[in-house]
Structures are given as C-alpha cells and as structure tokens.
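S.K.: just to be clear, the model below is a prediction. Sequence and coordinates:
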Amino acid sequence: MDEICFIYRNRILSSFEQFDYMPAIGGVSRVKGLGILMLLAALSLSACGDQKKKTNKVLTRVNGHEITATQLEAELQYASGTAEENVVQQQSMRKQAMEALIDREILLEEAVRNKLDRDPKLRQVIERFKTQAIVQAYLESKGANLAKPSKAEIDAYFQSHPELFARRKVLDIEQLAIAAKDFSGALKLQMDTTQSLNRMEGWLKQHNIAYAKTQLTYTSADLPAEIIGKIKNLGRNHLFVMQDGKQTLLCALTELRDSPVTGDAATGQIERYLLNKKMQEVAAAEIARLRSSAKLEYVDKSAGLITEESPASASVPEKPVAIAPGEKGRHEVAEVK
C-alpha cells in the first residue's frame, strides 16, 4: 500500500461551471447571485409596490398584485436555455417562467404576512446580494470592451497544456471512503498486506468501521501530473490512500486510458476561460487602483483583520480549464493530500 500525499489547491473549472471573476465578493456566480437577489429584494420592495410606475404590459394578477412583461423577460434572462431552442421549447420556457413568478408571488405574500421581510438577518442577506450585484455590474462595465481571445492565444493555451487536451488521461478509481479519524495504525497495516479492495471492505465490516464504496472518474486535469505518474506506476488494483477533506479514501486504480481532446472541441471552452481570466485581471487591477486612493482605516487593530498584502494586489491564480466531454463520475476534488 502506498500513501500518495499532495494538496490539490486549484479548483478545476469544468465546461459546465459558471465563470465568476469576483470571488472576493462572496464567491457566488453572477447568475446565481442575481437570481437570489431578485427573489430576496422583492421582500424589501413589496411595501412600495403600489408606488411603482406601470410602464409595461400586465400579464397576470395574483391577489391583485401585477406580474408584468418586464418581470417575465427578466426571469427568462436568467433561466437555463439556449438561443437554438425551437418555438415550442421557447413557449414552454415562457409558461414555466410565468408559473415560477406566480408561485414566487404567492410565497412572497405569505412571507410578508408572517413579517419575514422585517427580519434583520434577512435584510442583511438582501443587502449583501444587492451590493454584490451592483459591484459585479460595475466590473463588467470596466471589462465590456475586452477583445475576445485570438486564435493564436487559444492555440497557444492548447499547445501549452497537453495534459488537458492532446495527452489527456482518464483514471477510474474504486474507493472506500472512511472518516479520517478511523485511519488507524491497524488499518494502515491491513492496507499494506491486503491484496484487494474487496478484502479491505471485508476488514472494515469486521471491525465495524463505517464506509462508503464508490467508483469515481478523474482526469489528468483533476490531479497534478506527478500524482498521475505515481498512480500509473502503481498499476491496476494496487492499493493506495488519498485524503479528501475530512475523509480518507482507500483506493485502487481499476482503469487508466487515453482520452485526447482535439483543438476544435476545446476552442469554445478555452476562449471562455481566457476571457474570464482577462476579466479577473481587470477586476484585480481596478480594485488595486481604487484601494490606492481610498482612505482605509482599521479601527479595531486587535481584531486580527489587518493584512500585509491586500487581496486586490495579489496575482490572479491560474485555474486550468478542464474539458471532459462524455465522461461520467466526479471531476473535482475539493482538497486532496
């Protein structure tokens, strides 16, 4: 049994993840943040609903409260969907969005009736998302004229990351996940002498150690190259250990295969990644510029909040884009040692 120890610090951005270039403002993506903002802000705005100008078409009334065409379009803007959807699909989405608005209005009325809109904690949440949305919009305006990455930039990224593309590998790993506190000296000794994960599973049952058995898939984008090499050298069914947060993973490699990605397949995702990286740089530069002229005073110096280097002045860490078309399983590890 081998212990493969490393710390996996960079979270992989898969092709299905929402890019977020402002993690310092709460780590909520723009779509998710604005969606929650739209829901929560309604609570604080409900008291002045009769005073708003009726400048757009009324589509529905719920207990006398109007739902307008503008609200429906805003709901559709943040719904999942693509421009390629046909007329029937678009109409179905509009109906679903309208039903969601009706449900939300009914729930809102009940929440206000129960005076939840007066809850100080909820008001703090509303204010937090309101601030985040405004700041996010400001940073987007600063990067609105950014040029899309050129073909040369995309090709350069593709060529400089063969482990993600041309030489991409996929690893199927069978795991027994146990609590880190249960990884004792006796268990380690058993791992050293046991020849299969099935026998290890029997040992865990015999000693009443809780575990969860899974078969997970990793790619060469998920794990550092040196760890891929170590696992490859161990060969199939050789037992090893990885740490994932508060869990210890008793592992065995069941399959290692090549799964290359072509330049054409990677182009769109690389383009989005590089553009997002540019937006991160714009955000960091703008924060640094504004902080340099801001009057900043730490009032309570005993609170341990003073940092030698501001978050904005730190370089933006590179997060490689992970492309995994058609793969099943988990492609992300929060922290592995």
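M.R.: Yep, it's here. What you are looking at is a predicted structure, and each value in this text was computed from that prediction instead of being measured. Residues are numbered from 1 along each chain as shown.
S.K.: how about stretch 257-267 as PDB, C-alpha atoms only?
M.R.: Coordinates of the C-alpha atoms in stretch 257-267 are reproduced here as PDB (Å, rounded to 0.1, in the frame of the first residue of the first chain):
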ATOM      1  CA  ARG A 257      -6.900   5.200 -20.500                       C
ATOM      2  CA  ASP A 258      -6.100   7.900 -23.000                       C
ATOM      3  CA  SER A 259      -8.900  10.300 -23.800                       C
ATOM      4  CA  PRO A 260      -7.500  13.100 -26.000                       C
ATOM      5  CA  VAL A 261      -9.400  16.300 -26.800                       C
ATOM      6  CA  THR A 262      -9.000  17.900 -30.200                       C
ATOM      7  CA  GLY A 263      -8.300  21.600 -30.700                       C
ATOM      8  CA  ASP A 264     -11.700  22.100 -32.400                       C
ATOM      9  CA  ALA A 265     -13.500  20.600 -29.500                       C
ATOM     10  CA  ALA A 266     -11.600  22.700 -27.000                       C
ATOM     11  CA  THR A 267     -11.800  26.100 -28.700                       C
END
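S.K.: just the buried positions in it, please.
M.R.: 259, 261, 266 (16 or more other C-beta atoms under 10 Å). Any C-beta I mention is one placed from the backbone N, CA and C, and that applies to glycine too.
S.K.: got it, and stretch 286-294?
M.R.: Buried residues in stretch 286-294 (16+ other C-beta under 10 Å): residue 287.
S.K.: figure out how far it is from the centre of its chain.
M.R.: 27 Å (C-alpha atoms, centre = their mean, to the nearest Å).
S.K.: what would that stretch look like as PDB? C-alpha coordinates only.
M.R.: Extracted in PDB, the C-alpha atoms of stretch 286-294 (Å, rounded to 0.1, in the frame of the first residue of the first chain):
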ATOM      1  CA  GLU A 286      -9.500  48.100 -10.700                       C
ATOM      2  CA  ILE A 287      -9.700  47.100  -7.100                       C
ATOM      3  CA  ALA A 288      -6.000  47.900  -6.600                       C
ATOM      4  CA  ARG A 289      -6.500  51.300  -8.300                       C
ATOM      5  CA  LEU A 290      -9.400  52.200  -6.100                       C
ATOM      6  CA  ARG A 291      -7.700  50.900  -2.900                       C
ATOM      7  CA  SER A 292      -4.700  53.100  -3.600                       C
ATOM      8  CA  SER A 293      -6.700  56.200  -3.400                       C
ATOM      9  CA  ALA A 294      -9.200  55.100  -0.700                       C
END
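S.K.: average pLDDT for that stretch, rounded please.
M.R.: Computed over stretch 286-294, the mean pLDDT rounds to 95.
S.K.: same question, stretch 304-322
M.R.: Mean predicted lDDT for stretch 304-322 stands at 55.
S.K.: ok, stretch 113-131 next?
M.R.: Rounded mean pLDDT across stretch 113-131 is 92.
S.K.: ok, stretch 207-226 next?
M.R.: 90.
S.K.: would you mark the buried spots in it?
M.R.: Quick answer for stretch 207-226 (16+ other C-beta under 10 Å): 211, 216-224.
S.K.: again with stretch 177-197
M.R.: 177-178, 183, 187, 190-191, 194, 197.
S.K.: can I get those residues in TSV including pLDDT, secondary structure and distance to residue 76?
M.R.: Supplementary listing: these in TSV, determined by pLDDT from 0 to 100; DSSP: H, G, I helix; E, B strand; the rest coil; distance: C-beta to C-beta, whole Å:
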residue	pLDDT	secondary structure	distance to residue 76
177	95	strand	41
178	96	strand	46
183	93	coil	50
187	94	helix	54
190	93	helix	57
191	91	helix	54
194	89	coil	56
197	93	helix	49
